[in-house]
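> sharing a sequence plus its predicted fold:
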Amino acid sequence: MKPWSFGMLFEISPMLDSVLSTLETKDIDIDSGFLSYTTIARLFAVASPQILDIIAITLDVDVNEVKNLSMEDGVKIAFTIYQQNSTVLKNVIRSLLVERKTKKVVEKETAKEKTT
């Protein structure tokens with residue numbers, strides 16, 4: 001299993017938005033880096049239809065195939081999808097923000113040099 005492609009991100013974005021909105025509404029924190037048993041159980045309880053769809057799209061299988069997975073395999077797959085894609089998204093966004101900040105600093109220094 002590999003991280004989502006850019007196109008797949010658009011395909012799952014409505015489901016992802018729904019999951020994130022639900023987590024926010026229910027005050028469930030998944031950004032802490034640690035997912036407790038309770039957090040995982042609450043996540044599945046409040047967003048199971050969307051999670052099923054996200055897993056099915058990510059694996060390119062039918063939702064019924066996902067439903068037929070063992071509990072162990074399903075949780076492992078869901079967790080792997082979360083880890084792979086949250087890490088990729090965070091790293092890409094972080095690098096873009098650093099790049100943008102660096103570019104602004106260089107532009108300010110260049111402008112400052114031109115005025116002196």
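Perfect, thanks for sending it.

> now the helices for the chain?
Ranges of helices in the chain, per DSSP state H, are 6-25, 37-59, 63-67, 71-115.

> go through those and pick out the most buried.
helix 37-59 (a mean of 16; mean count of other Cβ atoms under 10 Å). C-beta here means a position set from N, CA and C on the backbone, and glycine is covered the same way.

> contacting residues around it?
1, 4, 8, 11-12, 15-16, 18-19, 22-23, 26, 28-30, 35, 62-63, 65-67, 74-75, 77-79, 81 (Cβ atoms under 8 Å, 6 or more residues apart in numbering).

> still on that earlier bit, mean pLDDT for the helices of the chain - can I get that in CSV?
As requested, these are arranged in CSV below (pLDDT from 0 to 100):
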stretch, mean pLDDT
helix 6-25, 86
helix 37-59, 90
helix 63-67, 96
helix 71-115, 76
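
> next up, the contacts around residue 30.
23, 39, 43, 82, 86.

> from the centroid of this protein, which residue is nearest?
residue 86 (3.8 Å; Cα atoms, centre = their mean).

> for that residue, which residues are in contact?
residue 30.

> ok, now residue 4?
12, 58, 85, 88.

> distance of it from residue 25?
24 Å (Cβ to Cβ, to the nearest Å).

> next one: residue 76
27 Å.

> for residue 40, same thing?
For residue 40 relative to residue 25 (Cβ to Cβ), the value is 18 Å.

> residue 66 versus residue 16, what's the distance?
Using Cβ to Cβ, residue 16 is found at 16 Å from residue 66.

> contacts only, for residue 80.
By Cβ under 8 Å, 6+ apart, the contact set of residue 80 is residue 1.

> residue 28: neighbouring residues, count only.
19 (other Cβ atoms under 10 Å).

> good, we can wrap up now.
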